[in-house]
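**Q** Predicted structure and sequence below. I'll ask about it afterward.
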Amino acid sequence: MAQAATQTPAQPPIQLTAAGFVSGALAACTAVTITNPMEVAKTRLQLDGELQGRAHIKLAPAVAGSGAAAAGIPEVHASVKAGPSGRVYTSALDCMQKTWRFEGLRGIQRGLGAAYAYQVALNGSRLGFFEPFRHAINSVAGYEQNSVHAWTSLLAGASSGVVGAILGNPLFLVKARMQAYSPFNPVGAQHHYTSAFNGLASIVRKEGVKGLARGVDAAMLRTAMGSSVQLPAYNLAKTTLNGWGMGDNVGVYLLSSTFSGMCVCAVMQPADTALTRMYNQSPNSVGPDGKPRGLLYKNPIDCLWKTWRTEGFAGLYKGTIAPHTVVTLVTNEMISRQWTAWKRARTAVARD
């Protein structure tokens, strides 16, 4: 029974670090081309109404009525385009519609170049190193390399995610700031970069080299949480569906990746919101009201606490989306299998 529980499906894909890296990067770039408009909307929604809505916070007597920040939470002014609710956008659809209307294709695909570079670094590493890490951990634990165990998969996913987060941090930093920028409907701190390279150079010039590492702690937290769930949940769902006799096809990939995307959103979204806000702040930033803002958060935990205190539980789940995970995993599976088939065919020809 124990052997049956850990047995993997027949003919698993050939996993090589270089091949896995390329497959993961191509899958992620395909996904980001399709989902970047949703990423732009997600980023802006996570910053829309930032630290607004403190009416439910009971001020201490010493600061009540004085205009001082309550409970260590800084005063944050709403966007000049905010409505009575203090927000510019009412939903993801409303955000995409306004972005398209006022900024066109350039606005809806803002930060796409930086997103490509980031996905190569992050998802290429995350998807490319997951299997080698899992095989290594299984070997150290005394398991068969290809066997599936929950704890080794979780550890491999978290480890590969942290590697990708470190490599891709400067690019994600630029991407987030480019996607947040809007000359028509600003939300959050505004940084105007003409390209990913211009963004990197501007950060180094204004904040020093250490500015490129801004938010890396939040990135490691977010990516470790997401990666610890993404691939293990996908593998669990796919293995279960295969065990039910559903075969190995695109339908199974879609169901498995949808399940994985739901798990990722549930676990990672609060950390993703904190990451966006940590990235978007800087010592010399200007708020959406056109006035200097500066730093709002000390670290990702401080950001999560202030967000919850001012915006409630719903504030932690602003901009929740799952399509990127679905498209990435399905594309990665198909590319991996095509690569495997090509390698096996090439080996067979060489033997003949």
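**A** Nice, thanks for sending it over.
**Q** Next up, the contacts around Gly208.
**A** Shown in contact with Gly208 (C-beta atoms under 8 Å, 6 or more residues apart in numbering): no residues. For the C-beta atoms, the positions are set from N, CA and C on the backbone; glycine is no exception.
**Q** tell me the average confidence for stretch 302-321?
**A** Mean pLDDT, computed over stretch 302-321, is 88.
**Q** which parts of it are buried?
**A** 303-307, 309-311, 315-316, 318-321 (16 or more other C-beta atoms under 10 Å).
**Q** Ignoring the adjacent residues along the chain, who's closest to Leu304?
**A** Ala274 (5.1 Å; C-beta to C-beta, 6 or more residues apart in numbering).
**Q** mind checking how far that neighbour is from Leu296?
**A** Distance from Ala274 to Leu296, counting by C-beta to C-beta, to the nearest Å: 11 Å.
**Q** Now do the shared contacts for these two.
**A** Listed as contacting both Ala274 and Leu296 by C-beta under 8 Å, 6+ apart are Cys303.
**Q** Closest to Asn36 out of the buried residues of stretch 302-321?
**A** Nearest to Asn36 among these: Ile321, at 11.3 Å, using C-beta to C-beta.
**Q** Out of the buried residues of stretch 302-321, the closest to Pro74 would be?
**A** Taking the buried residues of stretch 302-321 together and measuring to Pro74 by C-beta to C-beta, the closest member is Lys306, at 8.4 Å.
**Q** give the contact list for the closest one.
**A** Residues in contact with Lys306 (C-beta under 8 Å, 6+ apart) are 51, 72-73, 296-297.
**Q** Likewise for Lys291?
**A** Per C-beta under 8 Å, 6+ apart, neighbours of Lys291: His77.
**Q** pretty sure Met334 is touching Leu254, no?
**A** No. In this structure, Met334 is not within contact of Leu254 by C-beta atoms under 8 Å, at 11.0 Å.
**Q** hang on, the earlier thing: now flag whichever of the buried residues of stretch 302-321 is closest to Gly247.
**A** For the buried residues of stretch 302-321, the nearest to Gly247 is Ile321 (29.0 Å; C-beta to C-beta).
**Q** before we move on, the earlier item: could I get the contacts of Lys306 as TSV with secondary structure and distance to Ser79?
**A** What follows is the contacts of Lys306, written out as TSV (DSSP: H, G, I helix; E, B strand; the rest coil; distance: C-beta to C-beta, whole Å):
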residue	secondary structure	distance to Ser79
Leu51	coil	12
Gly72	helix	23
Ile73	coil	18
Leu296	coil	15
Tyr297	coil	19
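**Q** Now which of those would you call buried?
**A** For those, buried by 16+ other C-beta under 10 Å: 51, 73, 296-297.
**Q** Which of the residues you listed sits closest to Lys238?
**A** For these, the minimum distance to Lys238 (C-beta to C-beta) is 38.1 Å, reached by Tyr297.
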